[in-house]
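Novice: coords please:
(2 chains)
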Amino acid sequence: MDLILPSSGLIFWQLFAFLALLFILKKFAWKPMLAAIEERETSINNALKAAETARNEMANLKAENEKLLADARLERDIILKKAQDASVKMIDDAKNEAIKAGALMIENAKAVIETEKRAALAEVKTQVATLSLEVTEKLLRKNLSDDKSQKDLVDGFIKELKLN
Amino acid sequence: MTRKFLSLSILLSAFLLSFSSMSLAAGADSEEGGEDPTSFIMHHIKDSHEWHFFNVGHTHVTLPLPVIVYSGDRGLEFFNSKDFQNPDTHKFGEEYAHEGYFIDSHDHMGRVDNASFTDLSITKNVAMMLLVIVIVLTLTLSAAGHYKKHGAVAPKGAAAIVEPIVIFVRDEIAHSAIGPKYKKFVPYLLTLFFFIWIGNLVGLMPGAANLTGNIAVTATLAVLTFIIVNVNGNKDYWKHVFMTPGVPIPLLLVIVPVEIIGLFTKPFALMVRLFVAITAGHIVILAFIALVFIFQSYTIGVVSTLMVTFINLIELLVATIQAYVFTLFTAMYIGSAVAEHDHDEAH
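Specialist: Next comes the predicted model:
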C-alpha cells in the first residue's frame, strides 16, 4: 500500500525542485538553445535560398553569354559576307574596267592602225605613183618629149584615185 | 510492444515474488539475517529516510539524510536520520525516538505525542531528485553555453547530445501534437522529458533510488500537466466538456460527467503509466537478483546475471520510451486544449 500512497514531503520537494528546474532551464538553457537553433535554421534556409538564387543567376548569365556569343557570331558572319560581296564586286568592277580599258585601247589601236594603214597606203600609192611615173617617165622619155604635160596627166589620175 | 513487455514483466515479477516467499515459508533461507526477498525488493523500490548503498560484511554503507519536520506548534525542525535508527543494524523503529519524533519500521515518520506535523525530509528520492536535477542542469547549461560562446553554429560536445533531443521534442512532440501554438509549451515539455529521462536512467544505476517509479513524483508531474492543460484550455475545449456539440440535450446529462471525469483520468493515466513502467522494471531486475540469494547456486547466478543484463538493456529502452510517452501525451493533452477546430471533424 505504501507503494501507491504518495508522501507529502516528496510531493513538496518534487513540486518545488521541478518548478525551479523548469524556470532555470527555461531562462538559461531552452531559451538560448532554441533561439540559436532557430537562428541557425533560418541562416541555413537563407543560405540555401541564396545558393538557389546564385545558381539561377549563373544560369541566366550563361544564357545571356551564349546569346551574346551567338549575336557576335551572326554579326561576324554578316560582316564577312559583306566583305566577301564587296571584294567580289570590286574584282568584278576591276575586271569590267579592265575589259573596257582593253576594248578602248584596242579601238584606239585599231584607229591608229587604220590611220597608219591609210597613211601607209597613201604613201604606198604615192610611192607607187612616183615609181610608176618614174617607170613611165623612163618609158615615155623615149616616147614623150614633153615631160611636163605627161606629169600633169598622171597627177590628175592620182587625185581621181584618192577621191575614191 | 512496451505495454506487452510491461504486463509480462509484472506477471513475471509477481510469479517470482510469490515463488520466493514460498521458498521462504519453507524455511529455505534463514541465514540472511531474516531479510526475505519481498522486503529486499520493496526496500529498494520504496523511499527511505536514509540512502543505503550496500553492506560490507555486517557494516552498512549508507548516506544519512536530513530529516526535516514542520509542525504547527514546534515550527521547522532539522534532524539527522542517523539519530532515528539502530547504529548497528540501521533499522528504524519506534523505539529509536528522537526529540519527540520517530521513524517506524515501514520508514514512516511519527510523533510520540501523536500531534499533527508534516514530514519534509530530504529522503532518498529527494536526494536522488536533486542529483538528477544537477545532472540535467549540467548537461543542458553546458549545451546552452556552447551556443552562447560560439553563436548559432553546428553543435559540439554536450550540445551535440542535447540538441537532437531538443529538436526532436520541439518538432516531433510539441509541433506535431500541439499545432501552431506550440512554442509556448516547448520549455515545459523539454524539462519534463529531460527530468524523466535522466531520472529513469539514473534510477537504473545500482544503489540509485526509484525516483521516477515513485507515485508522488509521477503524481506531481501529472498534476503540473493537468494544470497547464486546463489553464490553457480555450473556449472550444471547455465547450467540448460542458456542451459537447452534436449531442442531444438529454444525453448531455450522461456525457458531461463523463467528460469531466475524462479531465482527471488523463493525468491519472500519465501518473500510473510512468509509475508502473519504472517500478515494474525495477521489480523484475531485483527479482532476478533475489533469485541468486534464494537458490545460492552458480547456475542460477549465471542465468540471473544474464537475465538482469538483458532486462537492463530493455529498461534502457523503456527509460527513453516512457520519457517520450509522458512528454508526448502531455503535448497531446495540451494540443486538445488549445486546438481551434470546428466540431464537425472527428475527435
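Novice: near chain B, which residues of chain A?
Specialist: Contact residues, chain A versus chain B (C-beta under 8 Å from any C-beta of the partner chain): A:2-15, A:17-22, A:24-26, A:28-37, A:39-40, A:43. To be clear about C-beta, it is placed using only N, CA and C from the backbone, and glycine gets the same treatment.
Novice: export the helix or strand bottoming out on mean pLDDT in chain A as PDB, just CAs?
Specialist: Across the helices and strands of chain A, mean pLDDT, DSSP states H and E gives its lowest value to helix A:147-163, namely a mean of 75. Provided in PDB are the C-alpha atoms of helix A:147-163 (Å, rounded to 0.1, in the frame of the first residue of the first chain):
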ATOM      1  CA  ASP A 147      57.800  65.800-169.600                       C
ATOM      2  CA  LYS A 148      55.500  68.400-168.000                       C
ATOM      3  CA  SER A 149      52.300  67.500-169.800                       C
ATOM      4  CA  GLN A 150      52.900  63.900-169.000                       C
ATOM      5  CA  LYS A 151      53.200  64.500-165.300                       C
ATOM      6  CA  ASP A 152      50.000  66.700-165.100                       C
ATOM      7  CA  LEU A 153      48.100  64.000-166.600                       C
ATOM      8  CA  VAL A 154      49.300  61.400-164.100                       C
ATOM      9  CA  ASP A 155      48.600  63.700-161.200                       C
ATOM     10  CA  GLY A 156      45.200  64.200-162.500                       C
ATOM     11  CA  PHE A 157      44.700  60.400-162.400                       C
ATOM     12  CA  ILE A 158      46.100  60.100-158.900                       C
ATOM     13  CA  LYS A 159      43.700  62.800-157.500                       C
ATOM     14  CA  GLU A 160      40.900  61.000-159.100                       C
ATOM     15  CA  LEU A 161      42.100  57.800-157.300                       C
ATOM     16  CA  LYS A 162      42.300  59.400-153.900                       C
ATOM     17  CA  LEU A 163      38.700  60.600-154.000                       C
END
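Novice: buried stuff in that helix?
Specialist: Neighbour-count burial for helix A:147-163 flags A:Q150, A:V154, A:I158 (criterion: 16 or more other C-beta atoms under 10 Å in any protein chain shown).
Novice: now stretch B:327-342
Specialist: Along stretch B:327-342, these residues count as buried under the neighbour rule (16+ other C-beta under 10 Å): B:327-339.
Novice: sorry, back to before: export the buried residues of helix A:147-163 as TSV, with columns for distance to B:I165.
Specialist: Converted to TSV, the buried residues of helix A:147-163 look like this (distance: C-beta to C-beta, whole Å):
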residue	distance to B:I165
A:Q150	155
A:V154	148
A:I158	142
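Novice: tell me the one among these nearest to A:E137.
Specialist: Closest approach to A:E137 among the buried residues of helix A:147-163 (C-beta to C-beta): A:Q150, at 7.1 Å.
Novice: that closest one contacts A:E134, correct?
Specialist: No: using C-beta atoms under 8 Å, A:Q150 is not in contact with A:E134; the gap is 11.6 Å.
Novice: residues in contact with B:A209?
Specialist: Contact partners of B:A209, counting by C-beta atoms under 8 Å, 6 or more residues apart in numbering or on different chains, are B:D47, B:W51, B:K124, B:N125, B:A127, B:M128, B:G203.
Novice: and it, helix, strand or coil?
Specialist: What DSSP: H, G, I helix; E, B strand; the rest coil gives for B:A209 is coil.
Novice: residues contacting the spatially closest residue to it that is not a sequence neighbour?
Specialist: In space, and not counting its chain neighbours, B:A209 is closest to B:M128: 3.9 Å by C-beta to C-beta, 6 or more residues apart in numbering or on different chains. Residues near B:M128 by C-beta under 8 Å, 6+ apart: B:W51, B:G199, B:V202, B:G203, B:A208, B:A209, B:L211.
Novice: surely the third one meets B:A208?
Specialist: The reference is to B:V202. Yes: counting by C-beta under 8 Å, B:V202 does reach B:A208; the two are 5.4 Å apart.
Novice: residue boundaries of the strands in chain A?
Specialist: Along chain A, no stretch is classed among the strands by DSSP state E.
Novice: ok, which stretches of it are helices?
Specialist: Taking DSSP state H, the helices of chain A run over residues A:8-25, A:31-143, A:147-163.
Novice: cool, the stretch 101-250 of chain B as well?
Specialist: B:124-150, B:158-168, B:176-178, B:186-203, B:215-231, B:235-242, B:249-295 (DSSP state H, counting those that start in this stretch).
Novice: before we move on, back to that, wait, which of the helices of chain A is closest to B:G110?
Specialist: Closest approach to B:G110 among the helices of chain A is made by helix A:8-25 (13.6 Å; C-beta to C-beta).
Novice: just the angle for the closest one relative to helix B:124-150, thanks.
Specialist: The directions of helix A:8-25 and helix B:124-150 differ by 0 degrees, with axes from the mean of the first three to the mean of the last three C-alpha atoms, to 10 degrees as the criterion.
Novice: what's helix A:8-25 packed up against?
Specialist: strand B:118-119, helix B:124-150, helix B:186-203, helix B:215-231 (3 or more C-beta pairs under 8 Å, 6 or more residues apart in numbering or on different chains; DSSP states H and E).
Novice: ranking these by burial, who's on top?
Specialist: Mean neighbour count (mean count of other C-beta atoms under 10 Å in any protein chain shown) peaks for helix B:186-203 among the helices and strands packed on helix A:8-25, with a mean of 24.
Novice: that one close to chain A?
Specialist: Yes: residues of helix B:186-203 contacting chain A under C-beta under 8 Å from any C-beta: B:V186, B:P187, B:Y188, B:L190, B:T191, B:F194, B:F195.
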